[in-house]
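Asker: what's the 3D shape of this:
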Amino acid sequence: MYLFVMVLNHTDKMAEIIEEFKRIGVKGATILDSIGSGRVRKFPGGEIPIIAGLKKLLENGYPHNKTIFSVVESLEQAREMVDVVESIVGDFTQPGTGIVFCLKLEFFHGGALGSSLKNQGD
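Answerer: All right, here's what the predicted structure looks like:
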């Protein structure tokens, strides 16, 4: 099993991406509001002005970006997820799109997968 992690800058495409994840068999994901350090550095003291923050929220209903976590059964499924996202938002190698990575899990228990993975060394 693998942990799929994606930071998505095109938050207006979130619903479409989640629907496509469901279509390809992704059983669940956790989505967090997030903001990149580059955007924080633009403002003195790291504070985002309330008016700018409200304006951004009202423009599209989402904060600056979203971080998505999902435990998937295979690296192939994680790659399929990347293909789905890139078909919707474009190539992740282009600036301002987002980042994605995948980590092999040593341990997993619970959640929508309904199974567990114990430490490989046990």
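Asker: hey, let's count contacts and neighbours off CA atoms from now on
Answerer: Noted.
Asker: show me what counts as buried in whatever helix or strand L103 lives in.
Answerer: Per DSSP states H and E, L103 falls inside strand 98-104. Of the residues in strand 98-104, G98, I99, C102 count as buried by neighbour count, 16 or more other CA atoms under 10 Å.
Asker: packing partners for the longest helix seen in the chain?
Answerer: Determined from DSSP state H, the single longest helix within the chain is helix 75-89. Here helix 75-89 touches strand 2-8, helix 14-23, strand 98-104, going by 3 or more CA pairs under 8 Å, 6 or more residues apart in numbering; DSSP states H and E.
Asker: pull the CA atoms of the first one into PDB?
Answerer: Below are the C-alpha coordinates for strand 2-8, written out as PDB (Å, rounded to 0.1, in the frame of the first residue of the first chain):
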ATOM      1  CA  TYR A   2       1.000   3.600  -0.700                       C
ATOM      2  CA  LEU A   3       0.300   7.000   0.600                       C
ATOM      3  CA  PHE A   4      -0.600   9.300  -2.300                       C
ATOM      4  CA  VAL A   5      -0.100  13.000  -1.500                       C
ATOM      5  CA  MET A   6      -1.000  15.900  -3.800                       C
ATOM      6  CA  VAL A   7      -0.900  19.600  -3.300                       C
ATOM      7  CA  LEU A   8      -3.300  21.100  -5.900                       C
END
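Asker: between the strand holding L103 and strand 2-8, how many degrees?
Answerer: If you take axes from the mean of the first three to the mean of the last three CA atoms, to 10 degrees, strand 98-104 sits at 170 degrees to strand 2-8.
Asker: would you mind getting the angle between strand 98-104 and helix 75-89?
Answerer: 170 degrees.
Asker: wait, what's in contact with the nearest residue to D91 once chain neighbours are set aside?
Answerer: Excluding the flanking residues, the one nearest D91 by CA to CA, 6 or more residues apart in numbering is T97, at 7.2 Å. By CA atoms under 8 Å, 6 or more residues apart in numbering, the residues touching T97 are L8, N9, H10, V89, G90, D91.
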